[in-house]
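Asker: Turn this into a structure:
(one chain, ligands or ions: 1)
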Amino acid sequence: MALNVVMLGPPASGKGTQAVRLSKARRIPKISTGDILREAAQTGSELGLRAKALMDRGELLGDSEMIGIVKGRLARPDAVSGFILDGFPRTVPQARELDGMPQGESLVVVDLAVPDGELIRRMEGRRVCRTCAANAEPDEGSAAACSRCGGEMVTRADDGDADVRQHRLEVYARESKPLLDYYRGRATFRSINGAQSPDRVAAELMAEIDGMVPVNTRRAQ
Ligand SMILES: [Zn+2]
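Answerer: Numbers count the residues shown, from 1 in each chain. Sure, this is the predicted structure:
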């Protein structure tokens, strides 16, 4: 049985970090729309540059463009035995579209809940490499150089100043509270306290997911 996961949570909730850990534990790809768009921006594609301009202001691409990007990614062979979506769906129309896709049939939906004050504090400390766009690991938050390429670590443009941070949380609240309402009644919806340490969050997340979709020991390699 494929493990198809949607990770929900506000900016800086740690859902990207948790998605990476789950991806390694269950050997399924982490599909982050933020990563896809940032990489597209670095290659200078028209879509990437437009997405970057929007994200730098705390805004997002429209539903139909996001749906097109995700459909294309889920069609790739590595997503056959499962995937972890990070950053999609962000709106109820996007969630309805995902439900209508073959991959939407057995979704596990996880929400990482973190209070706003803690999110702001985390965004203020978050760093990204100016050269390769790698995120700093949580334990190297204030390092001056990228551990991957030696590039300069800077505040993420979309974390930028206090107004942008507040705006991102407001956009998230406005667009994703209806999304939580949409998913909350499902048997495969779980809300996890994301204000705990990353290890505690990961342990709870793995336990919940293993309980819903056990590891497939007969998985084809
Ligand atoms: Zn780097």
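Asker: Counting by contacts, list what the helix or strand in which Glu39 is found packs against.
Answerer: Following DSSP states H and E, the helix or strand that holds Glu39 is helix 33-43. Helices and strands touching helix 33-43, by 3 or more C-beta pairs under 8 Å, 6 or more residues apart in numbering; DSSP states H and E, are helix 46-56, helix 63-74, strand 82-86. Heads up, the C-betas are built off the backbone N, CA and C, glycines and all.
Asker: Grab the longest helix from this structure for me.
Answerer: The single longest helix within the chain, with elements called by DSSP state H, is helix 162-184.
Asker: residues making contact with the helix or strand just after that helix?
Answerer: Tracing the chain past helix 162-184, the next element assigned as helix or strand by DSSP H and E is strand 189-193. By C-beta atoms under 8 Å, 6 or more residues apart in numbering, the list of residues contacting strand 189-193 from outside reads Val108, Val109, Val110, Asp111, Leu112, Ala113, Tyr183, Val201, Glu204, Leu205, Glu208.
Asker: at 7 Å instead, please
Answerer: Here strand 189-193 makes contact (C-beta atoms under 7 Å, 6 or more residues apart in numbering) with Val109, Val110, Asp111, Leu112, Ala113, Tyr183, Val201, Glu204, Leu205, Glu208.
Asker: what angle do the helix holding Glu39 and strand 82-86 make?
Answerer: For the pair helix 33-43 and strand 82-86, the angle between their directions (axes from the mean of the first three to the mean of the last three C-alpha atoms, to 10 degrees) equals 80 degrees.
Asker: what does this protein put close to the ion?
Answerer: Taking C-beta under 5 Å from the ion as the criterion, the chain approaches the ion at residues Cys129, Thr131, Cys132, Ala134, Cys146, Arg148, Cys149, Gly151.
Asker: on that earlier part again, which one of the helices and strands packed on helix 33-43 has the poorest average confidence?
Answerer: Per-segment mean pLDDT for the helices and strands packed on helix 33-43 reaches its minimum on helix 46-56, at a mean of 84.
Asker: If you count contacts, what does that one end up packed against?
Answerer: Other helices and strands packing on helix 46-56, by 3 or more C-beta pairs under 7 Å, 6 or more residues apart in numbering; DSSP states H and E, are helix 33-43.
Asker: Let's test this: mean pLDDT of the helix it packs on, rounded?
Answerer: Confidence over helix 33-43 (mean pLDDT, whole number) is 86.
Asker: What of stretch 166-179?
Answerer: If you average the pLDDT over stretch 166-179, you get 86.
Asker: buried residues in it?
Answerer: By neighbour count, and taking 16 or more other C-beta atoms under 10 Å as the criterion, the buried residues in stretch 166-179 are Arg168, Leu169, Val171, Tyr172, Ser176, Leu179.
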